Every structure is written in structure tokens, then in C-alpha cells.
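>>> starting from these lines, generate the structure:
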Amino acid sequence: MSEDMKAELERLRAENEALKEKKSKPGVLSMKVSEKGALSVYGMGRFPVTLYKEQWLKLLGVSEELKQFIKDNESRLKTKE
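Residues are numbered from 1 along each chain as shown. Just a heads-up that it's a prediction; the model follows:
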């Protein structure tokens, strides 16, 4: 194997490890635009939460109501650990 190939292999290994570390940190949220143009939020669970722009804006518009609902139903809601 040539020196250029070895250097490229090492670079790719390092990049792969960096991506694995970034992906595996629990609780760290990241976002990306899906192929269909929706916003996907990663890091909240096993799968991303994906909504279109107007859905996110609608959800954000009722954020205070969501917080109050959670507070009012605290005893019935479960916490993921």
C-alpha cells in the first residue's frame, strides 16, 4: 500500500471515529433538513423527530400551553431515564 493510501486511510479512520463520537453523545441535539425538506431533530430518542416547517412553528407557538399541560399532568407522565 502506498504512503498516500495509508495517509488517506488514517484520515478516514479519524473522521469515522469523530462522527461516531458526535452521534453517540446522549442528550446532544442536532438538526438537519431531510431529503423531503422537513426539519429532523436528532438526539431525543432512537429515531429523529421530523416535522415540516409550519408544523414546528405551530408547535413552538403553543410551547407555553405544552409546558403547562406537562406541569398539570406531572403525576401521570413518565420520565425516560
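>>> quick one: the helices in this protein?
With helices called from DSSP state H, the chain shows them at 3-24, 53-61, 63-72.
>>> hey, least reliable of those by pLDDT?
Sorting those by mean pLDDT places helix 3-24 lowest, at a mean of 83.
>>> and the contacts of that helix?
Outside helix 3-24, the residues that touch it by Cβ atoms under 8 Å, 6 or more residues apart in numbering are 1, 28, 30. Where you see a C-beta, it was placed from the backbone N, CA and C, and this is true even at glycine.
>>> give the contact list for the most centrally placed residue in the chain.
Closest to where the C-alpha atoms of the chain average out (Cα atoms, centre = their mean) is Tyr42, at 1.2 Å. Contact analysis of Tyr42 by Cβ under 8 Å, 6+ apart lists 29-32, 48.
>>> which one of those residues has the most neighbours?
Pro48 (16 neighbours; other Cβ atoms under 10 Å).
>>> re earlier: mean neighbour count and distance to Glu81 added to the helices of the chain, as JSON lines?
Shown next, in JSON lines, are the helices of the chain (neighbours: other Cβ atoms under 10 Å; distance: least, Cβ to Cβ, whole Å):
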{"stretch": "helix 3-24", "mean neighbour count": "10", "distance to Glu81": "18"}
{"stretch": "helix 53-61", "mean neighbour count": "11", "distance to Glu81": "24"}
{"stretch": "helix 63-72", "mean neighbour count": "10", "distance to Glu81": "17"}
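>>> need those in a markdown table (columns: distance to Lys36).
Converted to a markdown table, those look like this (distance: least, Cβ to Cβ, whole Å):
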| stretch | distance to Lys36 |
| --- | --- |
| helix 3-24 | 22 |
| helix 53-61 | 12 |
| helix 63-72 | 25 |
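>>> out of the ones you listed, which comes closest to Lys80?
Ranking these by their distance to Lys80 (criterion: Cβ to Cβ) puts helix 63-72 first, at 13.4 Å.
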